[in-house]
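Colleague: Please work out how this folds:
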Amino acid sequence: MSDYILRCPECRTGNRIPEDKAGRTARCGKCGKDVKTDILLTQTPVTVTDATFKEIVLNARLPIVLDCWAPWCGPCQMVGPVPDQLAKEWKGRALIGKLNVDENPRTAGLYRIESIPSLLIFENGKLRDQLIGAVPRREIIEKMRPFL
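Modeller: Numbers count the residues shown, from 1 in each chain. Below is the predicted model:
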């Protein structure tokens, strides 16, 4: 078994959560607030919209890779299965989000998404890195290594 690190939604302190306790409510070691750990069980990409961007991405308690794509984009369709696979592999360590740029122009404009697919890496509410274009799986893994 291994432990996960999950940020408290209140004070943003990282809390160590044993793997066998994932899915239960924990208590923050610093501020004492309840920390829901169900997010550690997420194995599929999460749909992100302009309306949910702040809640899902900026307030994420795990590092998050935001896949910015569009349904008409050929390279997006080629790369599409990779985030799905990584969501399973990174369960409890990182989240994968998917943002349809055609349906969510505010967020796409805010982060100047001019080429798709684009992968934005966020940690603790801040944009830390990005990948632009249809990059191979190994390159995504390498960019995420410092955040896992």
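Colleague: Which parts of the chain are helices?
Modeller: 53, 74-79, 81-89, 105-110, 137-144 (DSSP state H).
Colleague: Quick check: bridge partners of the residue sitting nearest the centre point of the chain?
Modeller: Relative to the mean C-alpha position of the chain, the nearest C-alpha, by C-alpha atoms, centre = their mean, is the one of residue 64, at 2.0 Å. Counting by DSSP bridges, residue 64 forms beta bridges with residue 95, residue 122.
Colleague: related to what we said a few turns ago, which of the helices of the chain sits most buried?
Modeller: helix 53 (a mean of 19; mean count of other C-beta atoms under 10 Å). Yep, even glycine has a C-beta here, placed from its N, CA and C like the rest.
Colleague: neighbouring contacts of that one?
Modeller: 99, 104, 107 (C-beta atoms under 8 Å, 6 or more residues apart in numbering).
Colleague: Put together a markdown table for the residues you listed, with distance to residue 45 on each row.
Modeller: Formatted as a markdown table, the contacts of helix 53 follow (distance: C-beta to C-beta, whole Å):
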| residue | distance to residue 45 |
| --- | --- |
| 99 | 10 |
| 104 | 15 |
| 107 | 16 |
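Colleague: can you tell me which of those lies nearest to residue 143?
Modeller: Closest approach to residue 143 among the contacts of helix 53 (C-beta to C-beta): residue 99, at 17.6 Å.
Colleague: circling back to that earlier point, name the nearest of the contacts of helix 53 relative to residue 77.
Modeller: residue 99 (15.5 Å).
Colleague: What does the pLDDT read for the closest one?
Modeller: You'll see residue 99 listed with a pLDDT of 98.
Colleague: Count the residues that sit near it.
Modeller: With neighbours defined by other C-beta atoms under 10 Å, the count for residue 99 comes to 28.
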